[in-house]
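# what's the 3D shape of this:
(one chain, ligands or ions: 3)
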Amino acid sequence: MNMDVPFAPVVVTAAQMQAIEARIFSHGMPVAALMEKVAQRITQRIQQRYPLPQFPRAAILVGPGHNGGDALVVARELHHRGYQVQMHQPVSTLKPLTADHARYAQHLGLSFCQNSQDWLAADFIVDGLFGFGLTRPVSGALADLVAVINQSSVPVVSIDLPSGLHTDSGAVLGTAIAARHSYCLGLWKRAFFQTAALPYLGQAELIPFDIPALDQAAILSQSAPIQLITPSLVRQLLPWDRPPAAHKYQVGSLLLICGSQQYPGAALLCARSAQASGVGMLYVAVPQSLRLWVVSQIPEAVVIACPETDTGAIAALPSDIHWERIDAIALGPGLGDSPIVPALLAVDKPLVLDADALNQLAQMPVEATLQARSSPTLLTPHGGEFKRLFPREAERNGDLMNCVRDLASQLHVVLVLKGAKTFIAGPDGCLWINPESTPALARGGSGDVLTGLMGGLLAQHPQPAASSGWITQLAATAVWWHAQAGCFAAQRYSQLSVSPSLLVDTLKDSLAHLRLA
Ligand SMILES: NC(=O)C1=CN([C@@H]2O[C@H](COP(=O)(O)OP(=O)(O)OC[C@H]3O[C@@H](n4cnc5c(N)ncnc54)[C@H](OP(=O)(O)O)[C@@H]3O)[C@@H](O)[C@H]2O)[C@@H](O)CC1
Ligand SMILES: Nc1ncnc2c1ncn2[C@@H]1O[C@H](COP(=O)(O)OP(=O)(O)O)[C@@H](O)[C@H]1O
Ligand SMILES: [K+]
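Ligands and ions are numbered 1, 2, ... in the order given. Reported below is the predicted structural model:
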């Protein structure tokens with residue numbers, strides 16, 4: 001298998017973007033030429049989205065900086081293409097290049113509208129108020145203007161990002177424009193993958209402007225990259241083709257330890273999804289009272305009946321488990337208050353920890369326990385579990401991307417922080433982001449499906465711990481596959497229909513789609 005990471009889009013901070021831009025300018029690219037180039041591309045995109053015959057009236061919001069400069073070039077170009085353009089410039093002092101464009105717009109006879117209500121009588125708005133130069137909260141008359149725009153039903157196209165969002169944290173600085181479309185310029189900024197920003201971004205799109213690879217590398221190679229998971233990465237990592245003479249013990253044996261009388265369904269969802277991952281042998285350890293039921297629901301699995309506690313959780317694992325046959329373990333979904341977690345953490349096998357296993361780990365000395373492990377460890381907390389595991393870090397560090405990255409390298413684990421945008425960080429400091437998902441997955445049990453899938457993929461690739469970067473990518477592959485199945489099911493039926501059971505059934509469809517694409 002080729003272990004090279006295929007090209008993946010990077011995600012940058014405002015400082016990195018500014019440093020790349022500064023490098024390009026220092027090598028002779030004129031600032032005005034870059035603005036012109038970018039704005040031409042934005043104009044083209046706007047024309048496609050808002051064709052002249054149906055959307056003849058454009059309202060352009062012009063800010064004081066180069067975001068406003070971009071907007072003025074877009075205004076000029078839309079004017080030349082026949083749109084009726086009205087501009088509104090709420091801040092009087094402009095940066096020199098922006099002021100030049102404003103002067104030329106006036107020379108062309110484009111009108112600046114003082115009254116924002118008149119200006120709002122348009123078919124669409126272009127938001128060029130602030131881009132990555134926003135340094136402090138939007139307040140006063142500007143905040144009122146943003147409120148009026150948001151209350152109107154006129155669709156907004158935001159240049160670079162919706163004005164009012166912090167480019168890195170995605171936090172709303174005072175107030176922010178809720179866009180219909182956001183055209184991110186050059187490279188993806190972090191805000192596009194931050195939960196706080198999601199309600200404002202609308203449909204997000206990247207408008208590239210041919211950044212030289214050398215300049216990008218010169219700035220970004222100074223730290224481990226943040227990258228987006230792509231179909232080509234996933235395609236490369238999935239175990240599509242089995243050796244012709246493969247037998248079941250050579251293509252991954254997964255031991256799933258899950259379920260309790262209180263949460264039997266979690267065990268089943270997890271097991272069915274592990275099965276869908278293609279794993280050769282699936283062992284499912286459950287409390288003995290669940291055994292017959294699990295067997296009847298998933299006949300392919302070898303169900304291991306475990307003695308149980310008074311509360312119906314697994315009390316211990318039977319002594320006759322063939323550990324030598326197990327390639328990976330997934331522990332946690334529906335486990336309840338089973339006392340077996342500390343013993344499992346000491347087993348020298350690749351291990352996925354989720355749900356109750358994480359809650360129990362949170363009661364232990366987390367750092368010492370994880371650092372003592374010799375095999376790869378993958379943690380898949382949602383936001384609540386993450387806070388329980390790492391209360392100090394979650395509270396202290398406003399930037400979750402950095403926080404997840406630091407924790408993964410410090411603890412030498414793969415850390416998967418699940419959410420609307422899931423972050424996957426590895427011991428090498430690399431961070432992967434799943435760019436596409438669906439709120440249809442916000443449903444009890446979808447996480448159990450992810451655990452089974454991740455465990456199944458891990459079992460099919462029992463690689464040495466040395467290739468930790470690759471295990472991170474495998475976790476990213478599971479996250480991607482899971483989310484794609486959600487998108488696929490939501491598209492085929494509706495967001496309301498994506499039960500975790502349907503999600504499991506759709507894993508094969510999204511995979512077939514990926515293979516044929
Ligand atoms: N490399 C690229 O990607 C390219 C980038 N390009 C474009 O440049 C944009 C960045 O331009 P930019 O640096 O001029 O900053 P921008 O966002 O326009 O605003 C800064 C202005 O706002 C002001 N200001 C700040 N906060 C404020 C507040 N709360 N309330 C009021 N004022 C506030 C601040 O004033 P000051 O803080 O100095 O008082 C300053 O005047 C970028 O997003 C993209 O659109 C393209 O043209 C080419 C390729
Ligand atoms: N708004 C959302 N958009 C996209 N994915 C989501 C959203 N909400 C939840 N998810 C995904 O759904 C799954 C939920 O997992 P989890 O909270 O552990 O559920 P459970 O414990 O009930 O199985 C995660 O993979 C998460 O990334
Ligand atoms: K903007």
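
# low-scoring stretches of the chain, by residue?
Scanning the chain for pLDDT under 70 picks out the ranges 1-6, 397-398, 462-468.

# Nearest to ligand 2: which residue in it?
When scored by CB to the nearest ligand atom, the chain has residue 447 as its residue closest to ligand 2, at 2.1 Å. Bear in mind the C-beta positions are built from the backbone N, C-alpha and C, glycine included.

# who's in contact with that residue?
Taking CB atoms under 8 Å, 6 or more residues apart in numbering, we find residue 447 in contact with 333, 354, 355, 380, 382, 418.

# and it, that one's in a helix?
Yes. Per DSSP: H, G, I helix; E, B strand; the rest coil, residue 447 lies within a helix segment.

# and it, how far is that from residue 258?
Noted for residue 447: a distance of 12 Å to residue 258, by CB to CB, to the nearest Å.

# Need the residues touching each of the two.
Common neighbours of residue 447 and residue 258 (CB under 8 Å, 6+ apart) are residue 333.

# Need phi/psi at residue 181.
Main-chain torsions, residue 181, degrees, to the nearest 10: phi -130, psi 140.

# ok, now the one 4 residues further on?
Dihedral angles phi and psi of residue 185 (degrees, to the nearest 10) take the values phi -90, psi 130.

# Bridge partners for it, pull those for me.
Note on residue 185: beta-bridge partners by DSSP bridges are residue 207.

# quick one, what contacts it?
With CB under 8 Å, 6+ apart, residue 185 has these contacts: 38, 42, 70, 131, 159, 160, 207, 209.

# now do residue 16
Residue 16 neighbours (CB under 8 Å, 6+ apart): 187, 219, 220.

# what does stretch 191-200 contact?
Residues outside stretch 191-200 that contact it (CB under 8 Å, 6+ apart) are 11, 161-162, 164-172, 176-179, 182, 184, 201, 204, 400-401, 419-421, 423, 433, 435.

# what about it, near ligand 3?
No. Using CB under 5 Å from the ion, stretch 191-200 stays clear of ligand 3, coming no nearer than 10.6 Å.

# starting at the chain centroid, how far to that stretch?
Its chain's C-alpha centre lies 10 Å from the corresponding centre of stretch 191-200 when counted by CA atoms, centre = their mean, to the nearest Å.

# Just the buried subset of the contacts of stretch 191-200, please.
11, 161-162, 164-172, 176-179, 182, 184, 201, 204, 400-401, 419, 421, 423, 433, 435 (16 or more other CB atoms under 10 Å).

# just those that are near ligand 3?
Within the buried ones among the contacts of stretch 191-200, nothing lies near ligand 3 by CB under 5 Å from the ion.

# show me which of these neighbour ligand 2.
With CB under 6 Å from any ligand atom as the criterion, the members of those in contact with ligand 2 are residue 419.

# Among the buried ones among the contacts of stretch 191-200, which ones are in helices?
Counting by DSSP state H, the part of the buried ones among the contacts of stretch 191-200 found in helices is 201, 400, 401.

# Same list as before, those residues that is, but in JSON lines and with distance to ligand 1 included.
Below are these laid out as JSON lines (distance: CB to the nearest ligand atom, whole Å):
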{"residue": "201", "distance to ligand 1": "15"}
{"residue": "400", "distance to ligand 1": "23"}
{"residue": "401", "distance to ligand 1": "19"}
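
# returning to that earlier point: would you check which pair of the contacts of residue 185 lies furthest apart?
Farthest-apart pair in the contacts of residue 185 is 131 and 209; separation 13.5 Å (CB to CB).

# okay, those two: which has more neighbours?
With neighbours defined as other CB atoms under 10 Å, residue 131 and residue 209 compare such that residue 131 has more, 28 against 17.

# Now that that one has come up, it's in contact with residue 160, right?
Yes. Between residue 131 and residue 160 there is a contact at 3.7 Å, judged by CB atoms under 8 Å.

# Name the residues of stretch 54-63 that come out as buried.
Neighbour-count burial for stretch 54-63 flags 55, 58, 59, 60, 61, 62, 63 (criterion: 16+ other CB under 10 Å).

# The helix or strand that contains the fifth one pairs with which strands?
Secondary structure assignment for residue 61, by DSSP states H and E: strand 57-62. Strands that pair with strand 57-62, judged by DSSP bridges, come out as strand 84-88 (parallel), strand 124-128 (parallel).

# Next secondary structure element downstream of the first one?
Read that as strand 84-88. Next along the chain from strand 84-88, counting by DSSP H and E, comes helix 96-107.

# can you tell if that next one touches ligand 1?
No. Contact between helix 96-107 and ligand 1 is absent, the nearest approach being 7.5 Å (criterion: CB under 6 Å from any ligand atom).

# And for the closest residue to residue 155 other than its chain neighbours, the neighbour number?
Using CB to CB, 6 or more residues apart in numbering and skipping residues adjacent in sequence, the residue nearest residue 155 is residue 180, 3.9 Å away. For residue 180, the count of nearby residues is 17 (other CB under 10 Å).

# show me what contacts residue 180?
Applying CB under 8 Å, 6+ apart to residue 180 gives the contacts 124, 155, 156, 157, 202, 203.

# Can I get those residues in a markdown table including distance to residue 46?
Shown next, in a markdown table, are those (distance: CB to CB, whole Å):
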| residue | distance to residue 46 |
| --- | --- |
| 124 | 8 |
| 155 | 11 |
| 156 | 11 |
| 157 | 6 |
| 202 | 14 |
| 203 | 13 |
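
# Among the residues you listed, which one has the most neighbours?
Counting neighbours by other CB under 10 Å, residue 157 leads the contacts of residue 180 with 27 neighbours.

# Who is the residue nearest to that one when sequence neighbours are not counted paired with across the strands?
Distances taken as CB to CB, 6+ apart place residue 181 nearest to residue 157, at 4.8 Å, with adjacent residues excluded. Assessed by DSSP bridges, residue 181 has beta-bridge partners residue 157, residue 203.

# got it, and residue 281?
Counting by DSSP bridges, the residues bridging with residue 281 are residue 253.

# Distance of it relative to ligand 3?
54 Å (CB to the ion, to the nearest Å).

# Which residues are in contact with residue 242?
Residues near residue 242 by CB under 8 Å, 6+ apart: residue 251.

# quick one: it and residue 507, what's the gap?
18 Å.

# got the residues of this structure near ligand 2?
355, 382, 418-420, 422, 437-439, 441-442, 444-448, 450.

# element containing residue 38, please.
Element membership for residue 38, per DSSP H and E: helix 31-49.

# secondary structure class for residue 219?
Secondary structure, three-state DSSP: residue 219 is helix.

# if we can go back for a sec, got any residues that touch both of residue 131 and residue 160?
Here residue 131 and residue 160 have 67, 70, 185 as joint contacts, going by CB under 8 Å, 6+ apart.

# Kindly reformat these as TSV and extend each row with distance to residue 306.
Shown next, in TSV, are the shared contacts of residue 131 and residue 160 (distance: CB to CB, whole Å):
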residue	distance to residue 306
67	60
70	62
185	56
